[in-house]
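got a predicted structure here, sequence first:
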Amino acid sequence: MSKPTDRPSTFYGIPNDDWQARISRLAERFNREYRGETFELPEEVEAMPIFRDWAAGKLQSKMASRFWELAEPKKNQRCLDLGCGVSFLIYPWWEWGAFFYGREISNVARDALKARAPQLNSKLFKGVELGAAHELENETIQFDLAIATGFSCYFPLEYWEKVLSAVKRVLKPGSSFVFDAIDPDAPLAEDWAILETYLGAEVFLEPLAEWDKLLKSVKVKKIDRRDGELFAQYKVQW
């Protein structure tokens, strides 16, 4: 069984069109999961304990990053959730009283949010756009908090430099950006990366030290980090 590479050099310095191709493949991987489609995987992958946990729905609790423990949305704050999935339907936004602005590459998740979120709380749900995390050039709102959890590992650090720059432009001064990064030294990391590769989404196992270098290069002033079972969570401010 082949293992995912730590950093495919062929992906660095390539045109944005190739990023869009990767985004499209990732969107299709999650569209299939949101639609409840069956994934046909090799027997050796299905024999892995991590696959059985994934198939039984037990893996999500190990993967989920509790962003609110680093930066809980506050009443009347404008919060941008990048790669939001169906976040507004499963997290207590109505308790926080914060205004939710979503951005998502899966049209299935986007459509589910647009159909159900206004029924849940039309005041707090401000909409969800179909698009990638780095595509914020036309965003006119300044946000009090930005969130991006669960998808950083599908892209190289070069792409995340663009995401960080885009988020910085739309955050109010002194506001926080919370995101997570897979810890390649975590016991689950390698098996999870193998599983995701066979599910259609290649994973980049970047050392956390490289993330620290990236944050320093984009002149982040304050960094808080919390380590989890698979992902490390960061809260940064400029």
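Structure's in. What do you need?

residues making contact with the longest strand along the chain?
Counting residues, the longest strand found in the chain (DSSP state E) is strand 171-182. The contact list for strand 171-182 (C-beta atoms under 8 Å, 6 or more residues apart in numbering) reads 65, 67, 70-71, 142-150, 152-153, 164, 167-168, 189, 192-193, 203, 205-206, 208, 211, 228, 230-238. No exception for glycine: its C-beta is placed from N, CA and C like everyone else's.

with stretch 97-116 instead?
23, 26-27, 30-31, 34-35, 73-89, 93, 117, 124-133, 136, 141, 143, 145.

just the buried subset of the residues you listed, written out for PyMOL, thanks.
Selection of buried members from these for PyMOL, criterion 16 or more other C-beta atoms under 10 Å:
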select buried, resi 23+26+27+30+34+73+77+78+79+80+81+82+83+84+85+86+87+88+93+117+124+125+126+128+130+131+132+133+136+143+145
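
now Glu46: how far from Phe177?
As judged by C-beta to C-beta, to the nearest Å, Glu46 and Phe177 stand 37 Å apart.

can you give me phi and psi for the residue nearest to Phe177 when sequence neighbours are not counted?
Leaving aside its sequence neighbours, Phe177 sits nearest to Ala146 (C-beta to C-beta, 6 or more residues apart in numbering; 4.5 Å). The phi/psi pair for Ala146 (degrees, to the nearest 10) reads phi -120, psi 140.

and Leu130, what does it touch?
With C-beta under 8 Å, 6+ apart, Leu130 has these contacts: 103-105, 107, 110.

for it, name its beta-bridge partners.
On the basis of DSSP bridges, Leu130 is bridged to Glu104.

ok, back up a step: list the contacts of the residue nearest to Phe177.
Applying C-beta under 8 Å, 6+ apart, the residues near Ala146 are 79-82, 167, 170-171, 175-178.

with distance to Lys221 and pLDDT added, can I get those in a markdown table?
As requested, those are exported to a markdown table (distance: C-beta to C-beta, whole Å; pLDDT from 0 to 100):
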| residue | distance to Lys221 | pLDDT |
| --- | --- | --- |
| Cys79 | 21 | 98 |
| Leu80 | 20 | 98 |
| Asp81 | 23 | 98 |
| Leu82 | 21 | 97 |
| Val167 | 14 | 97 |
| Val170 | 17 | 96 |
| Leu171 | 12 | 97 |
| Ser175 | 12 | 96 |
| Ser176 | 11 | 97 |
| Phe177 | 12 | 98 |
| Val178 | 15 | 97 |
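
which strands or helices does whichever strand or helix holds Tyr234 pack on?
Taking DSSP states H and E as the criterion, Tyr234 maps to strand 231-237. Contact here means 3 or more C-beta pairs under 8 Å, 6 or more residues apart in numbering; DSSP states H and E; on that basis strand 231-237 packs against strand 171-182, helix 208-217, strand 222-227.

could you give the angle of the shortest one to strand 171-182?
This points to strand 222-227. Inter-element angle recorded for strand 222-227 and strand 171-182: 30 degrees (by axes from the mean of the first three to the mean of the last three C-alpha atoms, to 10 degrees).

what helix or strand is Leu80 located in?
Here Leu80 is assigned to strand 78-82, by DSSP H and E.

any idea of the angle that strand forms with strand 171-182?
30 degrees.

give me the distance between strand 78-82 and the centre of its chain.
In terms of C-alpha atoms, centre = their mean, to the nearest Å, the centre of strand 78-82 is set 12 Å apart from its chain centre.

partners of that strand, with directions?
If you go by DSSP bridges, strand 78-82 pairs up with strand 99-104 (parallel), strand 143-148 (parallel).
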